[in-house]
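> no sequence for this one, just the structure:
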């Protein structure tokens, strides 16, 4: 009977708490949104299941090494890649190998929209400071506005490792909810006539330009923001593998097998890091709110800046201001949202390639912003 009682005391039923149940429900919601609504399933399924794994109740610190925060556990070893910022650069390598920068190269001024959308990062940084967060924590929270999960994880691993869980979950949640969050903001800030603006077809980009771009892009961006070197170095390296034409096997591995493996490990461990005993706090909820504000400001910043640019452009060269919303780095979802909104007002207005330009520049912009914040804060301390 004593053994039976010990077994019962060790079960999840004996150790479950309300916070555990809340997090399990959240994990199920993530999985539902991924499968039923197809909101970023490659991210939300691993994260949602990870939340379930991380919130199975058990007796902690008795030497069995089960939890993600217990030294020596399998999950703890896998989580090492998150804590030390290993997974994000590998994700960027795969993104670079998948990305075609032709749209950006054909119309370089659209890079400004990717830069303008990063205003959400810096305004949220200031807001988080005003709410009492430390400078390191505020910088890590602000980067959520870039809608770039790997960059958010990378920066928080350097500046605020204790907040990686809520920051990563918030960043990936808003990436998945791009089709829900962005359309109302875009419609609020644009008129129907503006949404109907047709842009000139992008020019053809030569192979030489595509090969030179990752080299020049690496040198320019990392000289400005050396802190972004691990991310942008891998991004441009992956892109060179793709565009060089002589490393197809390497590009295929980076853009398929490697990024898939890392996404599985990253999503599962980030989800598991939401262990109720350490995750479900008022601070985590505030991070979610600030993340939403940051993302909305970033979207609005891109749209408004596109309208400002139109004041200086001649008729016939004007931008459809909706593409400014794609300045966040949720590739390619933001570009798709803009494209579908354009088709609703004009079935023959194809904006996808135009929107991809600020979208891919947003990836670069958020990484540069992270490097700037890192350099600024590390210099101070």
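It's in. Note that the structure is a prediction, hence the values are computed from the model and not measured.
> and residue 308, how many neighbours does it have?
13 (other CB atoms under 10 Å). All C-beta spots, glycine's among them, are computed from the backbone N, C-alpha and C.
> contacts for stretch 32-40?
Under the contact criterion CB atoms under 8 Å, 6 or more residues apart in numbering, stretch 32-40 has outside partners 41, 43, 44, 45, 48, 172, 175, 176, 177, 179, 180, 333.
> Verify the contact between residue 239 and residue 96 for me.
Yes - if you go by CB atoms under 8 Å, residue 239 and residue 96 touch, sitting 4.0 Å apart.
> Could you identify the buried members of the contacts of stretch 32-40?
For the contacts of stretch 32-40, a burial check counting by 16 or more other CB atoms under 10 Å picks out 41, 43, 44, 45, 48, 172, 175, 176, 177, 179, 333.
> residues in contact with the last one?
For residue 333, the contact set (CB under 8 Å, 6+ apart) comprises 40, 175, 178, 179.
> before we move on, what about the fifth one?
By CB under 8 Å, 6+ apart, the contact list for residue 48 reads 27, 28, 29, 30, 31, 34, 271.
> could those residues go into CSV alongside neighbour count, secondary structure and pLDDT?
Formatted as CSV, these follow (neighbours: other CB atoms under 10 Å; DSSP: H, G, I helix; E, B strand; the rest coil; pLDDT from 0 to 100):
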residue, neighbour count, secondary structure, pLDDT
27, 23, helix, 95
28, 14, helix, 96
29, 13, helix, 94
30, 28, helix, 93
31, 19, helix, 96
34, 21, helix, 93
271, 30, helix, 92
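> for stretch 190-202, which positions count as buried?
190, 194, 195, 197, 199, 202.
> returning to what we had before: residue 12: which of the buried ones among the contacts of stretch 32-40 is nearest?
residue 48 (18.3 Å; CB to CB).
> measure that closest one to residue 132 for me?
Using CB to CB, to the nearest Å, residue 48 is found at 31 Å from residue 132.
> swap in residue 125?
13 Å.
> Give me the pLDDT for residue 254.
Here, the pLDDT recorded for residue 254 equals 97.
> State the helix or strand in which the closest residue to it other than its chain neighbours lies.
Nearest residue to residue 254, sequence neighbours excluded (CB to CB, 6 or more residues apart in numbering): residue 97, at 4.0 Å. In this assignment (DSSP states H and E), residue 97 forms part of helix 87-98.
> tell me what the helix or strand just after that helix is packed against?
Moving toward the C-terminus from helix 87-98, the next helix or strand (DSSP H and E) is helix 102-106. Applying 3 or more CB pairs under 8 Å, 6 or more residues apart in numbering; DSSP states H and E, one finds that helix 102-106 makes contact with helix 207-224, helix 352-380.
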